[in-house]
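> could you look at this predicted model? Sequence included:
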Amino acid sequence: MAIASGANYIDLADGRDFVAGISRLDSLARERDVLVASGASSVPALSSAVVDRYLPSFSRLDTIRVGIGSGARSSGTATLRSVFGYCGKPFQRLQDGRWQTVYDWFDTRLHHFPPPVGPRLLGNCDVPDLALFPERYPGVRNVSFHAGFAGVSGHLAIWTLALLTRMRLLRSMTSLAERVHTLAEFLEPWFSDRGGIFVELEGAGHDGAALRLSWNLLAARNHGPYIPCGGAVALARKLARGERLPRGALRGIAQRGGIPRGPGRPGHARSPAQGHAASPGGLRVWGASIRASNGGGRTVGRRKARRHGPRIKAQSCSRMAICSIPASSKHSPNSSKPWIR
């Protein structure tokens, strides 16, 4: 209906089939001269923007790992119902260069976010990145996405229900979404209000040595749920200012082709959202951190990072799809409303 009405369309969808399939509307959207952007959210918009930002550091990119560890605040019944619809269900993921079947919320691993978030248990999840990244970054052999909750007990409880679903003792977890959301709201004060998203890249640098980059964005005071709206807000602001954006149906907003390239970075595509997004009222984040290591696992400092490729600046990456509100914001650090620093 949006295309037929000549209206631009932006969504925060993270359903794999929906986002990957939006390209079927490309020719129709071009005919009507409108923008159709699906997946203008943490994945695949922010995640692909981060990969694009650091792709020039690699001569060969082998592995992309993305993950989200939420704070205590539940995202809502509808979101839980969507997540629970996948738990325990099989899906395809690129692993060791082959498409392999894995199960949602399994393959549990411990990821260490930088302080003050710390270690979090994460499990497999099916997101658009798993389908889009192998096509977007030819030659990559491993693409994965993991997610988890603030508390270990909550994560393990969902894992148990996912196991029952996988064993077909439970048809689906969607019917439990409302009760789990109510319980999560009750338990919220007892769990951490901090969360984060990470993107890890592995491959070879331009000197031929193994290279690993780890990017993390951290949020406090349960403000993590505001992060996904950053890309959509950025695009909406650009459209409101009358800026010319790509027309057609885009699967994630960090789109190559027709987008201005980053200054001094040949082959580096910018996200249309770069440098203009903000959450309602601002967003409390610590900013992004980036760590590079060589093949021996030794951390490469800033000076040595220059020898291994482009100088890495955490702040520039944290602005890829999420940017601060104007400095004149009236929200103070002591306000209960979100803010950015």
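Received the coordinates, thanks.
> residues near residue 102, how many?
Residues within reach of residue 102, counting by other Cβ atoms under 10 Å, total 15. Using the backbone N, CA and C atoms, a C-beta is placed for each residue, glycine as well.
> beta partners of it?
residue 91 (DSSP bridges).
> how much space between it and residue 130?
To residue 130, residue 102 is 10 Å away according to Cβ to Cβ, to the nearest Å.
> which secondary structure element is home to the nearest residue to residue 81 once chain neighbours are set aside?
Among residues not flanking residue 81 along the chain, residue 177 sits closest, at 4.0 Å (Cβ to Cβ, 6 or more residues apart in numbering). Secondary structure assigned from DSSP states H and E places residue 177 in helix 177-187.
> what average pLDDT does that helix get?
The predicted model gives helix 177-187 an average pLDDT of 80.
> make 20 the first number, not 1, from now on.
Okay, using 20 as the starting number, the last item reads as helix 196-206.
> partners of the helix or strand just after that helix, with directions?
Going down the chain from helix 196-206, the next helix or strand is strand 214-224, by DSSP H and E. Applying DSSP bridges, strand 214-224 is found paired with strand 77-88 (antiparallel), strand 229-238 (antiparallel).
> could I get strand 214-224 in CSV with only the CA atoms?
Taking Å, rounded to 0.1, in the frame of the first residue of the first chain, the C-alpha atoms of strand 214-224 are listed here in CSV:
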residue,chain,number,x,y,z
GLY,A,214,23.5,-4.5,27.5
GLY,A,215,25.5,-4.4,24.3
ILE,A,216,26.0,-5.5,20.7
PHE,A,217,29.2,-6.8,19.3
VAL,A,218,30.6,-7.5,15.8
GLU,A,219,33.7,-9.7,15.5
LEU,A,220,35.6,-10.0,12.2
GLU,A,221,38.4,-12.5,11.5
GLY,A,222,40.6,-12.9,8.4
ALA,A,223,43.9,-11.7,7.0
GLY,A,224,45.4,-8.2,7.0
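> any idea how far it is from the chain center?
Taking Cα atoms, centre = their mean, to the nearest Å, the mean C-alpha location of strand 214-224 is offset from the chain mean by 11 Å.
> quick check: buried residues in that strand?
214, 215, 216, 217, 218, 219, 220, 221, 222, 224 (16 or more other Cβ atoms under 10 Å).
> repeat for stretch 128-145
Buried residues in stretch 128-145 (16+ other Cβ under 10 Å): 130, 132, 133, 136, 139, 140, 141, 142, 143, 144, 145.
> would you list these in JSON lines and tack on secondary structure, distance to residue 73 and pLDDT?
JSON lines is the format used below for these (DSSP: H, G, I helix; E, B strand; the rest coil; distance: Cβ to Cβ, whole Å; pLDDT from 0 to 100):
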{"residue": "130", "secondary structure": "strand", "distance to residue 73": "18", "pLDDT": "93"}
{"residue": "132", "secondary structure": "coil", "distance to residue 73": "18", "pLDDT": "93"}
{"residue": "133", "secondary structure": "coil", "distance to residue 73": "17", "pLDDT": "91"}
{"residue": "136", "secondary structure": "coil", "distance to residue 73": "21", "pLDDT": "91"}
{"residue": "139", "secondary structure": "strand", "distance to residue 73": "22", "pLDDT": "94"}
{"residue": "140", "secondary structure": "strand", "distance to residue 73": "26", "pLDDT": "94"}
{"residue": "141", "secondary structure": "strand", "distance to residue 73": "21", "pLDDT": "96"}
{"residue": "142", "secondary structure": "strand", "distance to residue 73": "25", "pLDDT": "95"}
{"residue": "143", "secondary structure": "strand", "distance to residue 73": "24", "pLDDT": "95"}
{"residue": "144", "secondary structure": "coil", "distance to residue 73": "23", "pLDDT": "95"}
{"residue": "145", "secondary structure": "coil", "distance to residue 73": "24", "pLDDT": "95"}
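> can I get the residues you listed in a markdown table including distance to residue 61?
As requested, the buried residues of stretch 128-145 are arranged in a markdown table below (distance: Cβ to Cβ, whole Å):
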| residue | distance to residue 61 |
| --- | --- |
| 130 | 15 |
| 132 | 15 |
| 133 | 18 |
| 136 | 15 |
| 139 | 15 |
| 140 | 19 |
| 141 | 14 |
| 142 | 17 |
| 143 | 17 |
| 144 | 12 |
| 145 | 15 |
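> of these, closest to residue 189?
Among these, residue 142 lies closest to residue 189 (Cβ to Cβ), at 16.5 Å.
> how about the secondary structure of the residue sitting furthest away from the middle of the chain?
Within the chain, residue 188 marks the point farthest from the mean C-alpha position, 32.1 Å out by Cα atoms, centre = their mean. Judged by DSSP: H, G, I helix; E, B strand; the rest coil, the three-state class of residue 188 is coil.
> state the distance from it to residue 261.
56 Å.
> what's the answer for residue 196, then?
41 Å.
> check residue 170 too.
Applying Cβ to Cβ to residue 170 and residue 261 gives a distance of 46 Å.
> what helix or strand does residue 163 sit in?
strand 161-167.
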